[in-house]
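Colleague: Using only what follows, build the 3D model:
(one chain, ligands or ions: 1)
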Amino acid sequence: MTARILDGTATAARIKAELTERVVALAARGVRPGLGTLLVGDDPGSRWYVAGKHKDCAEVGIASIREDLPATATQDEIEAAVRRLNEDPECTGFIVQLPLPKGIDANRVLELVDPDKDADGLHPTNLGRLVLRVNEPVTSPLPCTPRGIIDLLLRHDIDLRGADVVIVGRGVTVGRSIGLLLTRREINATVTLTHTGTEDLAEHTRNADVVIAAAGVPGIITADIIKPGAVVIDVGVSRSTDPETGKSRVVGDVDPGVREVASWVSPNPGGVGPMTRAMLLSNVVDTAERLLG
Ligand SMILES: Nc1nc2c(c(=O)[nH]1)N[C@@H](CN(C=O)c1ccc(C(=O)N[C@@H](CCC(=O)O)C(=O)O)cc1)CN2
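Modeller: Numbering: from 1, shown residues only. Predicted coordinates:
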């Protein structure tokens, strides 16, 4: 069997086209959504991600607001920038680009974000709403990567009802939060969350209908620990240097041999990353639509 590809780049392009229409409809009602970003320091990766977010905004007609601070910015200066974005009427949603420099209390910064402007869906209030509102529709922003993974699966008609899903990795942005979405009644998957303390990872993954690999360990998911026909999502981001070009490249958690046993795999790059970006835009547009009631 050769797996089919869950093309995140093409799917994200379709989502952006849909969002462009919604932004035009909002403009007709006098509302322009605006995404704010707070970037601290000069890490090239973070700068690239933030630049990508503003490029995406321009593509769909969302306004861009930037707060860029030097790596020497103090906790107080960063918190003041969050307050400016909270109060800026042009900014309907914003993100604090992670990671923040060493020595900064990131949780304190993130808790200062107005939950109604939390475009990443990672504010404790919004994660708490996901925990508490099991039986009602959630109208607060959802975490972008989990939302993007589920959207990618559903848009390829992969039925998650009753599916056994094994998540590898317990980070907040993916591992812990995606379980909250997958176990909602409208999805109804059964979730196992594995992590570095799991004694026998293979015992879990071999029985899974869907494996979501977010461990950040290159090639940890190999063909021999995947059930034939399973769906495998590669979220891991590690970097290595390409021996031919000398350039840095992304390496995922999923070994290429998995494509011989799985029914679907998400490539990395080109899978979950573009979907995460598209979901950030979706959160901003959703919030602007909610503002109109
Ligand atoms: N506040 C946040 N900070 C960070 C997040 C986040 O969701 N919110 N996630 C990552 C970085 N990130 C977005 O900020 C992000 C990472 C990767 C991609 C992406 O599209 N990657 C490409 C590959 C790019 C490459 O070759 O380097 C892909 O997967 O195709 C988008 C966004 C940490 N910080």
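
Colleague: in the chain, which spans are strands?
Modeller: Taking DSSP state E as the criterion, the chain contains strands spanning 4-5, 34-40, 63-69, 93-96, 164-168, 190-194, 210-213, 231-234, 238-241, 248-251, 264-265.

Colleague: possible to save the ones you listed as CSV with mean neighbour count?
Modeller: For the C-beta atoms, the positions are set from N, CA and C on the backbone; glycine is no exception. Formatted as CSV, these follow (neighbours: other Cβ atoms under 10 Å):
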stretch, mean neighbour count
strand 4-5, 14
strand 34-40, 24
strand 63-69, 17
strand 93-96, 26
strand 164-168, 25
strand 190-194, 18
strand 210-213, 29
strand 231-234, 28
strand 238-241, 11
strand 248-251, 14
strand 264-265, 22
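
Colleague: Tell me which residues touch residue 19, please.
Modeller: Counting by Cβ atoms under 8 Å, 6 or more residues apart in numbering, residue 19 touches 60, 278, 281, 282, 285.

Colleague: now stretch 69-89: how far from the chain's centre is it?
Modeller: With Cα atoms, centre = their mean, to the nearest Å as the basis, stretch 69-89 stands 23 Å off its chain's centre.

Colleague: cool, stretch 235-243 as well?
Modeller: The answer for stretch 235-243 is 18 Å, by Cα atoms, centre = their mean.

Colleague: Equivalent analysis for stretch 259-277, please.
Modeller: Worked out by Cα atoms, centre = their mean, stretch 259-277 lies 13 Å from the chain centre.

Colleague: ok, now how distant is residue 84 from residue 90?
Modeller: Shown here: residue 84 relative to residue 90, a distance of 11 Å by Cβ to Cβ, to the nearest Å.

Colleague: Quickly list what's touching both of those two.
Modeller: Joint contacts of residue 84 and residue 90 (Cβ under 8 Å, 6+ apart) do not exist.

Colleague: Quote the end-to-end distance of stretch 133-142.
Modeller: Counting by Cα to Cα, to the nearest Å, you get 13 Å between the two ends of stretch 133-142.

Colleague: So which bits of it are buried?
Modeller: Using 16 or more other Cβ atoms under 10 Å as the test for burial, stretch 133-142 gives 138, 140, 141, 142.

Colleague: I'd like these as TSV, with distance to the ligand and pLDDT appended.
Modeller: As requested, those are exported to TSV (distance: Cβ to the nearest ligand atom, whole Å; pLDDT from 0 to 100):
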residue	distance to the ligand	pLDDT
138	18	88
140	16	94
141	12	96
142	12	97
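
Colleague: from those, which two are the most distant?
Modeller: 138 and 141 (9.1 Å; Cβ to Cβ).

Colleague: To what extent is the closest residue to residue 148 other than its chain neighbours buried, counted in neighbours?
Modeller: Once flanking residues are discounted, residue 148 sits nearest to residue 275: 3.1 Å by Cβ to Cβ, 6 or more residues apart in numbering. Using other Cβ atoms under 10 Å, residue 275 is surrounded by 28 other residues.
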